[in-house]
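Peer 1: Pasting the sequence and the predicted coordinates here, then a few questions.
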Amino acid sequence: MIDGVTYNIVCDEPAAVNDKAILSTDAQVAERTYLEKDYPEGTFAKSGIAEAIAKAKEVAQKEKVTKLEIKEADDALKKALGKLDEVKASGKTEVQTKIAQAAEKKEADYTKESWANFAKAKSAAETVNASETATAKQLKDAADALDIAMKALEAKKPDNNNDNNNGNNGNNNSQTPAIGSVIADASGIFNYKVTGNDTVEVKNMTAKGKAKSSVKIAKNIKANGKTYKVTAIAANALKGNKKVTSVSIGSNVEKIGKKAFANCTKLKTVTVNGNKLKTIGQSAFSGDKNLKAVNLKKVKTLKTVGKSAFKGVSKKITVRVPKNKKAAYVRIFKKGGIAANKIK
């Protein structure tokens, strides 16, 4: 009991002016040094650093504050900073792992175009890895870009023409990805999930893709020497993207998944280029506060618009649809949060 009483007395003692000054300085240094833009999406907020800095400032500015309050604020700040340091260390390890994997690849085994993209990504990753000032985001982005480039490498077709007569007797022995596996095309903008023998869905964006403001989802992609139809956009595929302003969706897409474009706060226009779209999922475009134009003039197949699909979009939004589908689409879009007078 004596130890317990002593501890409480010490911790409840008023903090010295110097203690408050040190805490205030630490908070200010953390605020200047640890910036959200330098960390992969979501990791900064998850660390709790903003809250810890705010609390440390608040405690340091209080006229009357105890040593216990100073200690708790300082511990919370150190804990948050430690989490961000771990994020950067993890990014460093990841990029080094990808570089090591890339070093095992041989140029002679792959097509010229896919190797050129791979070599560029490998060089960029090596530059970032060697930099003492590289941020956690730069490390993560470099690792992701190199991983995408490795997955997009296309094996050369073996030359089985032993008579050197330039015939077309060679066989393509490149391995076909299994259903459920993730692949990438040479553009390196998206990751795709294989959903069938010749179909894929957009799974998410790569680091390269996230930097683009104008995004085009293709009708088809080519990967591993094979052509795939892009028939869906997966749930959460572009969720939270803060760069994209316009999206063009290919003519083979039949489904836009749940929250696929949610909280894309700069997104202004969406165009669907074909007549196969059947489903727009729940909350697919929710929170897109600047979304003003959705062009579905070619779409005559739409059957379902999920609940709150367009909740929180611009009040000036216009959804353009085929004239002979307007009455039906007014009913469909009502559930998604679009008023009848917005359907044109």
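Peer 2: Now that the structure is in, tell me what you want to look at. Numbering: from 1, shown residues only.

Peer 1: Give me the buried stretch members for stretch 145-159, please.
Peer 2: Neighbour counts over stretch 145-159 (16 or more other Cβ atoms under 10 Å) mark A145, L146, D147, I148, A149, M150, K151, A152, L153, E154, K156 as buried. Just so you know, the C-beta spots here come from the backbone N, C-alpha and C atoms, and that holds for glycine as well.

Peer 1: swap in stretch 21-32?
Peer 2: Using 16+ other Cβ under 10 Å as the test for burial, stretch 21-32 gives L23, D26, A27, A30.

Peer 1: And the strands in this structure?
Peer 2: Remark: strands assigned in the chain by DSSP state E are 182-183, 190-194, 199-205, 214-217, 220-223, 226-233, 246-249, 255-256, 269-272, 279-280, 293-295, 304-305, 318-320.

Peer 1: Out of those strands, the one nearest S114 is which?
Peer 2: S114 sits nearest to strand 220-223 of all the strands of the chain, at 9.5 Å, using Cβ to Cβ.

Peer 1: Can you give the contact residues for that closest one?
Peer 2: With contacts defined as Cβ atoms under 8 Å, 6 or more residues apart in numbering, strand 220-223 is touched by 152, 154, 177, 183-186, 192, 200, 227-230, 250, 252.

Peer 1: try stretch 206-216
Peer 2: Contact with stretch 206-216 is made by 41, 140-142, 144-145, 148, 184, 188-191, 205, 238, 241, 243-248, 250, 266, as judged by Cβ under 8 Å, 6+ apart.

Peer 1: quick one: which of those sit in helices?
Peer 2: Using DSSP state H, the members of the contacts of stretch 206-216 that fall within helices are K140, D141, A142, D144, A145, I148.

Peer 1: so where's the stretch 201-344 of the chain uncertain?
Peer 2: Applying pLDDT under 70 to the stretch 201-344 of the chain flags no residue at all.

Peer 1: Run through the residues that contact the most centrally placed residue in the chain.
Peer 2: Closest to where the C-alpha atoms of the chain average out (Cα atoms, centre = their mean) is M205, at 5.2 Å. Contacts for M205 were tallied using Cβ under 8 Å, 6+ apart; they are I189, F190, N191, V215, A237, L238, N241.

Peer 1: which residues does the third one form a beta bridge with?
Peer 2: Right, N191. Using DSSP bridges, the bridge partners assigned to N191 are N204.

Peer 1: so how far is A184 from it?
Peer 2: Per Cβ to Cβ, to the nearest Å, N191 is found 6 Å from A184.

Peer 1: Now for the two: what residues contact both?
Peer 2: Residues touching both N191 and A184 (Cβ under 8 Å, 6+ apart) are I148, T206.

Peer 1: Would you mind giving me the PyMOL syntax to select the buried ones in the contacts of stretch 206-216?
Peer 2: To isolate the buried members of those in PyMOL, using 16+ other Cβ under 10 Å:
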select buried, resi 140+141+142+144+145+148+184+188+189+190+191+205+238+241+243+244+246+247+250
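
Peer 1: ok, E201 - how many residues close by?
Peer 2: 23 (other Cβ atoms under 10 Å).

Peer 1: Skipping its backbone neighbours, what lies nearest it in space?
Peer 2: Using Cβ to Cβ, 6 or more residues apart in numbering and skipping residues adjacent in sequence, the residue nearest E201 is A232, 3.7 Å away.

Peer 1: which residues of the stretch 1-150 of the chain score low on pLDDT?
Peer 2: Along the stretch 1-150 of the chain, segments meeting pLDDT under 70 span 1-11.

Peer 1: Where do the helices of it begin and end?
Peer 2: 2-12, 17-33, 43-47, 49-61, 67-102, 112-130, 136-151 (DSSP state H, counting those that start in this stretch).

Peer 1: how about these, which one is nearest G337?
Peer 2: If you check each of the helices of the stretch 1-150 of the chain against G337 by Cβ to Cβ, helix 43-47 wins as the nearest, at 26.6 Å.

Peer 1: rewinding a little: what's the closest of the strands of the chain to A73?
Peer 2: Per Cβ to Cβ, nearest to A73 of the strands of the chain: strand 199-205, 37.3 Å.

Peer 1: Just the CA coordinates for that closest one, please, in CSV.
Peer 2: Taking C-alpha atoms only, strand 199-205 is exported to CSV below (Å, rounded to 0.1, in the frame of the first residue of the first chain):
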residue,chain,number,x,y,z
THR,A,199,-13.5,-13.2,-67.6
VAL,A,200,-12.1,-10.9,-64.9
GLU,A,201,-13.3,-8.2,-62.5
VAL,A,202,-11.5,-5.1,-61.5
LYS,A,203,-10.3,-5.9,-58.0
ASN,A,204,-8.6,-2.6,-57.0
MET,A,205,-6.2,0.1,-58.3
